[in-house]
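>>> sharing a model that was predicted from the sequence below.
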Amino acid sequence: MDKIIKIFDTTLRDGEQSPGCSMNLKEKIEISQQLERLNVDIIEAGFAAASPGDLNSIQEISKNINNCIITSLARAHKDDIDKAIESLKYAKHPRIHVFLATSPIHMKHKLRMNPDEVVEKVESMVAYAKLKCNDIEFSAEDATRSDIDFLAKVFNKAIKAGATTINIPDTVGYTTPDEYYNFITDIINRCPALKTVDISVHCHNDLGLGVANSIAAIKAGATQIECTINGIGERAGNAALEEIVMALKTRKDLYNADTRIDTKQITKSSNLLTRITGIKVQPNKAIVGANAFAHESGIHQHGVLNNKKTYEILTPESIGLDTNKLVLGKHSGRHAFNDKLIQLGYSLSKKELDEAFKRFKNLADKKKDVYDKDIDALVSRQKIEVPKAFELEKYVINSGNVITSTATVAIKKDNTIIEEVAVGEGPIYASFKAIEKVYGKKLELDDFSLNSITEGEDALGDAVVRLKENGQTYVGRGLSTDIIEASIKAYINALNKIKYTNQNN
Ligand code: KIV
Ligand code: ZN
């Protein structure tokens, strides 16, 4: 009988707090709903004390999620715990996640507390949280660089005060699989009460060992793994959910452990996160990289053609990676379109379906073959669309290799059409300058990229624009069979996100 390991997803907390990964409310809700479809056990929805916007987004996520535990992070302070409680008031299954550092370096230089004070704080704050919530997780930040006897003492107190999960994080990604295995085995011996609660691990990836350390911890007795989609997170990131889950599945012979994850939702979860953050995974990334199932060398191809198992230890289908299926064209009806959406895992309201069908018809007019990936790109964007404070009316470009590019862009803003002209190095840059003039404020263009959704001459161009305003990054995306239009739409989408975020924080 396989042991079931709980999956605690922290994409919306540890992931979201890493550079370039911040998300607006709509995006967080969309991610949390995908995490529920993926069937994670726990969603860490945020850090309520970080800002009123964070607290509000945990509440909104909680309203939309039925089957997962929702947790909110809190430092070991009454005020943080109160905010966490407030943020979880709509959660069907709430958990408060209290943390305090236990390593000598953190206690001395960050907390400026002595070890006795830390023990007292853990005990009193876990007990305080327990008064309001039955499900309490305590994390000893920087556990792997802590004195093991001291840590055992802290864990004993936390469990006595009511903690039901104890997390042993490798906060700075310092440990190695052997060392972590021994550390966890040893701490269970020194603190037998750990056998009465869930033992969690939370591994950062500074040495590229986050997943290996998490797996070693399972062997030592961990029953919960904290991880993120695509491994996003502070610095080098957190252990990647998809890698842990597929490693356990593929090597059940070694670990006798499994998770409740619906692995067919892995690709979709990874793509959604990339679409929202604009951060692509490296092509050779395990499980979800573009090349994870590509066999380039002749010898490999020959082997795979004879028998897939020669070079393939897991199948693309197992992670929901369907090949680029040809689906619909311009003669396809609403019924067939809706069937395809259901197959792709979408359930749209009538109004959303009307809008999606209109967009599909527009696309089918321009593109002969419409693939699953095209439909997925159209609909997933529609679901996270923010109100359009700025809308593209028209644009005209004058460009060539013997003239300076000129762009005229007309944008609807508050029901007025504003038209601006600008010149620049190339048509895209000129268009961005014209839009910036309409916006009326200088913005920093942090990054711009252009990719195609599928292959082929009439492929949809997918533009990503990252704009910076007041130190915050906003990711805009635009889709079109015309790359200049895709770029303009991406820039305008980023402006709309700036407006939406400022109104909702
Ligand atoms: O890395 C870490 O230690 C954390 C804790 C708050 C769990 O993120
Ligand atoms: Zn962390």
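Looks like it came in fine. Quick caveat: nothing in here was measured; it's all calculated off a predicted structure. Ligands and ions are numbered 1, 2, ... in the order given.
>>> so how many other residues sit close to the closest residue to residue 231 other than its chain neighbours?
Distances taken as CB to CB, 6 or more residues apart in numbering put residue 240 closest to residue 231, at 3.4 Å, once the chain neighbours are dropped. C-beta here means a position set from N, CA and C on the backbone, and glycine is covered the same way. Other residues near residue 240 come to 27 when the count uses other CB atoms under 10 Å.
>>> so what's residue 240 bridging to?
residue 228 (DSSP bridges).
>>> make residue 1 into 11 and carry on from there
Noted, 11 is the first residue going forward, which turns the last one into residue 250.
>>> that one contacts residue 224, doesn't it?
No. Residue 250 lies out of contact with residue 224 (CB atoms under 8 Å); the separation is 9.4 Å.
>>> which neighbours do the two share?
Counting by CB atoms under 8 Å, 6 or more residues apart in numbering, the common neighbours of residue 250 and residue 224 are residue 237.
>>> which secondary element of this structure has the worst mean pLDDT?
helix 308-316 (a mean of 68; mean pLDDT, DSSP states H and E).
>>> which residues are contacting the host helix or strand of residue 95?
Assigned by DSSP states H and E, residue 95 falls within helix 88-97. Contact with helix 88-97 is made by 55-56, 58-59, 64-65, 68-69, 72, 82-84, 106-108, 135, 138-139, 142-143, as judged by CB under 8 Å, 6+ apart.
>>> 6 Å - rerun?
58-59, 65, 68-69, 82, 84, 106, 138-139, 142 (CB atoms under 6 Å, 6 or more residues apart in numbering).
>>> equivalent analysis for stretch 445-461, please.
Contacts for stretch 445-461 (CB under 6 Å, 6+ apart): 419, 421, 428, 430, 471-479, 483, 493, 501, 505.
>>> at 7 Å instead, please
By CB atoms under 7 Å, 6 or more residues apart in numbering, the residues outside stretch 445-461 that reach it are 419, 421, 423, 428, 430, 432, 442, 471-479, 483, 493, 496-498, 501-502, 505.
>>> buried sites along that stretch?
Residues of stretch 445-461 classed as buried by neighbour count (16 or more other CB atoms under 10 Å): 445-449, 453, 458, 460.
>>> output the residues you listed as a markdown table; include the columns distance to ligand 1, secondary structure and pLDDT.
Below are those laid out as a markdown table (distance: CB to the nearest ligand atom, whole Å; DSSP: H, G, I helix; E, B strand; the rest coil; pLDDT from 0 to 100):
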| residue | distance to ligand 1 | secondary structure | pLDDT |
| --- | --- | --- | --- |
| 445 | 38 | helix | 97 |
| 446 | 37 | helix | 96 |
| 447 | 43 | helix | 96 |
| 448 | 41 | helix | 96 |
| 449 | 36 | helix | 95 |
| 453 | 32 | coil | 91 |
| 458 | 32 | strand | 95 |
| 460 | 35 | strand | 93 |
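>>> and the closest residue to residue 225 other than its chain neighbours, how far is that from residue 324?
With CB to CB, 6+ apart as the criterion, residue 225 has its nearest non-adjacent residue at 5.8 Å, and that residue is residue 257. Noted for residue 257: a distance of 10 Å to residue 324, by CB to CB, to the nearest Å.
>>> so the two - more neighbours on which side?
The neighbour count for residue 257 versus residue 324, taken as other CB under 10 Å, is higher for residue 257 (22 against 16).
>>> packing partners for the host helix or strand of the more buried one?
Per DSSP H and E, residue 257 falls inside helix 251-260. The contact analysis (3 or more CB pairs under 7 Å, 6 or more residues apart in numbering; DSSP states H and E) places helix 251-260 against strand 16-19, helix 220-230, strand 234-237, strand 267-268.
>>> what's it in contact with?
For helix 251-260, the surrounding residues in contact (CB under 7 Å, 6+ apart) are 15, 17, 19, 221, 224-225, 235, 237-239, 265, 267-269, 271, 273, 276, 280, 296-298, 323-324, 329.
>>> quick one: low-confidence ranges for the stretch 311-460 of the chain?
Where the stretch 311-460 of the chain drops to pLDDT under 70, the residues are 311-314, 333-336.
>>> do the same with the stretch 111-260 of the chain
For the stretch 111-260 of the chain (pLDDT under 70), the answer is none.
>>> which bits of it sit near ligand 1?
149, 151, 177, 179, 181, 212, 214 (CB under 6 Å from any ligand atom).
>>> what about the residue nearest to the fifth one when sequence neighbours are not counted, distance to residue 250?
To tie it back to what came earlier, the one meant is residue 181. Spatially, and ignoring its direct neighbours in sequence, residue 181 is nearest to residue 152 (4.5 Å; CB to CB, 6+ apart). In this view, residue 152 and residue 250 are 21 Å apart by CB to CB.
>>> same check, this time on residue 40
For residue 40, the distance to residue 250 (CB to CB) stands at 20 Å.
>>> and what of residue 487?
23 Å.
>>> what's the helix or strand for residue 66?
Applying DSSP H and E, one finds residue 66 within helix 62-74.
>>> burial of the residue lying closest to residue 325 once chain neighbours are set aside, as a residue count?
Using CB to CB, 6+ apart and skipping the chain neighbours, the partner closest in space to residue 325 is residue 318 (7.4 Å). Number of residues near residue 318 (other CB under 10 Å) recorded here: 12.
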